[in-house]
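*Asks:* Sequence first, predicted model second:
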Amino acid sequence: MIKINPSTKIIASFIVFIIAMIACRVIYSGSLRYIFLLWNLFLAWIPFQISIVLIKRKSISKLTTFLLLSAWLLFFPNALYIITDLVHLQESKQDAPVWFDAILLFTSSITGLIMAFISLFNIEAFLQRTVKDVVVERLIIGCIFLGSFGVYLGRFSRWNSWDIVADPLHLVTEITKTCILPVQYYRTWGVTALLTCLFSLLYYAIKKLPGFLKEPGNKLIV
């Protein structure tokens, strides 16, 4: 019998809920408007599963480690990216109640962030096996920064993770211009900085929450 990871069960529950909401919307409106959310969730699922593979493997070659970490970093922005799908709410064509679309987009965004942060927790734990904690902390911040930059490239420049293979020249050219002309690309760095701060705050808040709740005298107010 295949043993399913607890975090996978949680994510699967969210995805089933989202699929049900999309199905209800299609039946109600006859529109496939938000069907793209399923593709975005699939892309977010990839780094989530890669991190589980890494954390479960006790023995892994350096080459395999490098390839898996590279693939994880390449697809990691997709998990963070889903939060930007909230912009579609302002484009609503009123073919379904706005409150319904808001819940659908919010649930999808939360699911993406959960996958992003769980995968980041796993990567952090994996790196701590061989790297000093202080270095790991900096690497995690670096991953969040690169992920945020990737979100910008996806939302505003419309690049995809696979474009590094499909169209590497133009992708590298745009990234290079962005780096050497920061003033001209102020929006790029502004969005990246804000997203980095947001994701970092959320990540470390979630990371510290279990310890806070276990401390004497700290209880949830019901």
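*Replies:* Good, I have the coordinates.

*Asks:* Isn't Asn78 up against Trp162?
*Replies:* No. With contacts counted by Cβ atoms under 8 Å, Asn78 stays clear of Trp162, the gap being 10.6 Å. Bear in mind the C-beta positions are built from the backbone N, C-alpha and C, glycine included.

*Asks:* In terms of neighbours, single out the busier of those two.
*Replies:* The residue with more neighbours, out of Asn78 and Trp162, is Asn78; 27 against 11, by other Cβ atoms under 10 Å.

*Asks:* Report the buried residues of the helix or strand that contains the more buried one.
*Replies:* Assigned by DSSP states H and E, Asn78 belongs to helix 62-81. Across helix 62-81, burial judged by 16 or more other Cβ atoms under 10 Å covers 68-69, 72-81.

*Asks:* Using CSV, list the CA coordinates for that helix.
*Replies:* Provided in CSV are the C-alpha atoms of helix 62-81 (Å, rounded to 0.1, in the frame of the first residue of the first chain):
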residue,chain,number,x,y,z
LYS,A,62,25.8,15.0,-5.9
LEU,A,63,24.7,15.0,-9.6
THR,A,64,21.1,14.0,-8.7
THR,A,65,21.1,16.6,-5.9
PHE,A,66,22.2,19.3,-8.2
LEU,A,67,19.6,18.4,-10.9
LEU,A,68,16.8,18.2,-8.4
LEU,A,69,17.7,21.4,-6.7
SER,A,70,18.0,23.2,-10.0
ALA,A,71,14.6,21.9,-11.1
TRP,A,72,13.1,22.9,-7.8
LEU,A,73,14.5,26.4,-8.1
LEU,A,74,13.3,26.7,-11.7
PHE,A,75,9.7,25.8,-10.8
PHE,A,76,9.6,27.3,-7.3
PRO,A,77,8.3,30.7,-8.6
ASN,A,78,5.2,29.0,-10.0
ALA,A,79,4.0,28.2,-6.5
LEU,A,80,4.5,31.8,-5.4
TYR,A,81,3.1,33.1,-8.7
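
*Asks:* what's in contact with it?
*Replies:* Contact with helix 62-81 is made by 40, 43-44, 46-48, 50-51, 53-54, 60, 112-113, 115-116, 119-120, 123, 143, 146-151, 153-155, 161, 164, 195, 199, as judged by Cβ atoms under 8 Å, 6 or more residues apart in numbering.

*Asks:* could you flag which of those residues are buried?
*Replies:* Buried among the contacts of helix 62-81 (16+ other Cβ under 10 Å): 40, 43-44, 46-48, 50-51, 54, 112-113, 115-116, 119-120, 123, 143, 146-151, 153-155, 161, 195, 199.

*Asks:* gap between Asp163 and Gln90?
*Replies:* Taking Cβ to Cβ, to the nearest Å as the measure, Asp163 falls 27 Å from Gln90.
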